[in-house]
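Participant: Output the structure for:
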Amino acid sequence: MRNPTIPVLDIAPFLNNSSAPASRSFVDALRAVCHEHGFFQLVGHRIDRTRSSELQQLARRFFARPEAERMEIANVHSPQFRGYTPVGHEHTRGRPDRREQLDIGRELPPPRLAPGDPAWLRLRGPNLWPRGVPELEGVVAAWADAMQQLGRALCGALALALGQPVDRFEPLVTPEPEVLVKIIRYPGASRSEPTDDAQGVGEHRDTGLVTFVLQDATGGLQVRLGDQWVDVEPRADAFVVNLGEMMQLLTHGYFAATVHRVVTPPAGTDRLSIAYFFNPKLEATLAPLTLPPELAREAPGGESDEPENPIFANYGDNSMKVRLRAHPDVAQRHHADLLDS
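Facilitator: Below you'll find the predicted structure:
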């Protein structure tokens with residue numbers, strides 16, 4: 001593969017009229033890109049850039065608050081893995097990541113659990129919000145609502161690209177998808193540490209259906225295409241989009257979850273990233289689609305190629321698996337009974 005680049009797709013025609021010829025062209029391009037790359041930049045999405053900029057500004061304010069204040073909402077206080085994660089406390093492939101972040105999910109009361117209830121019910125519950133940035137809660141809620149509409153629209157286009165009815169994925173996300181907003185800051189490498197040795201986020205695949213990433217102007221996100229790591233150049237008008245393991249399972253691997261990573265910024269800089277994960281509801285158990293023959297012939301299978309990291313058909317099981325591995329301190333404090341299994 002010579003000088004690969006991350007494609008840019010314009011969803012505006014599809015949002016304007018999903019049955020127009022221009023929309024069909026978008027769906028065809030989406031199919032090709034997701035089959036070949038699984039990563040692209042999405043423009044024409046109708047998400048208000050002013051709203052996204054406000055969220056970025058509030059995120060900066062949060063990370064500038066005193067450490068003691070940020071730690072008041074540390075995720076070790078949350079059985080739902082919500083709240084603030086300090087640098088080095090989230091792990092990818094067993095190694096600590098060089099990032100700090102705020103994890104926000106759907107706002108719900110703490111679950112009332114009965115014996116025999118599935119473990120993934122523990123993932124539902126309240127968020128932890130910083131007292132020093134009170135505006136953040138409302139801005140995140142409004143931005144996430146807009147992103148959910150975009151997630152539903154893109155999943156409709158993906159369904160059409162796979163020869164399915166436009167609403168094929170709706171039962172998986174009805175009445176509500178399981179969503180996660182990650183507001184992430186990557187501090188620059190220390191001057192005594194080679195940047196290449198510092199893992200912003202280690203190489204991995206995402207867990208759910210579709211991920212949207214709002215980047216700032218600092219690069220660092222890389223995608224593995226063939227045997228190369230390809231930079232995803234920041235674009236102020238775009239979301240980076242990639243597919244997760246649930247989409248891989250659904251499509252027999254015709255659409256694959258692509259490996260990616262984030263490298264640590266150089267010393268004296270940092271990087272801000274806001275990720276929105278549009279996922280099936282936790283109780284959804286996914287069965288592979290019946291693909292058109294011409295697509296099925298090119299589908300290698302949706303199973304994981306990592307024996308130690310199977311893809312579970314139930315999204316709740318898959319999500320809990322990832323959380324327990326990524327946050328060992330939260331797992332030990334709140335879910336020690338699950339660790340042996």
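Participant: quick one: low-confidence ranges for the stretch 151-300 of the chain?
Facilitator: In the predicted model, the stretch 151-300 of the chain carries pLDDT under 70 at residues 191-198.
Participant: now do 50
Facilitator: 195 (pLDDT under 50).
Participant: where do the strands sit along it?
Facilitator: 178-187, 199-204, 210-215, 221-225, 228-231, 239-243, 260-263, 270-279 (DSSP state E, counting those that start in this stretch).
Participant: Between those strands, which one is closest to Phe312.
Facilitator: Nearest to Phe312 among the strands of the stretch 151-300 of the chain is strand 270-279 (13.1 Å), distances taken as CB to CB. (C-beta placed from N, C-alpha, C; glycine too.)
Participant: So which bits of stretch 85-105 are buried?
Facilitator: In terms of neighbour count (16 or more other CB atoms under 10 Å), stretch 85-105 has its buried residues at 85, 89-93, 97-105.
Participant: Which pair of those spans the longest distance?
Facilitator: Greatest spacing in those, by CB to CB: Arg93 and Ile104 (24.4 Å).
Participant: ok, Gly163 touching Pro292?
Facilitator: Yes - contact status for Gly163 versus Pro292: in contact at 4.0 Å, counting by CB atoms under 8 Å.
Participant: more crowded one of the two?
Facilitator: A direct count of neighbours by other CB atoms under 10 Å for Gly163 and Pro292 places Gly163 higher, at 16 against 11.
Participant: Next up, the contacts around that one.
Facilitator: Counting by CB atoms under 8 Å, 6 or more residues apart in numbering, Gly163 touches 291-292, 295.
Participant: biggest helix in this protein, by residue count?
Facilitator: Of all segments of type helix in the chain, defined using DSSP state H, the longest is helix 136-161.
Participant: which residue sits closest to Arg46, ignoring its sequence neighbours?
Facilitator: Leaving aside its sequence neighbours, Arg46 sits nearest to Leu15 (CB to CB, 6 or more residues apart in numbering; 6.1 Å).
Participant: Show me where this structure has its helices.
Facilitator: For the chain, helices defined by DSSP H occupy the ranges 12-16, 21-36, 49-64, 67-71, 136-161, 245-250, 293-296, 315-326, 328-334.
Participant: how about those helices in a markdown table, adding distance to Ala238 and mean neighbour count?
Facilitator: Shown next, in a markdown table, are those (distance: least, CB to CB, whole Å; neighbours: other CB atoms under 10 Å):
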| stretch | distance to Ala238 | mean neighbour count |
| --- | --- | --- |
| helix 12-16 | 12 | 17 |
| helix 21-36 | 14 | 17 |
| helix 49-64 | 11 | 16 |
| helix 67-71 | 29 | 13 |
| helix 136-161 | 12 | 18 |
| helix 245-250 | 20 | 26 |
| helix 293-296 | 27 | 12 |
| helix 315-326 | 26 | 20 |
| helix 328-334 | 33 | 16 |
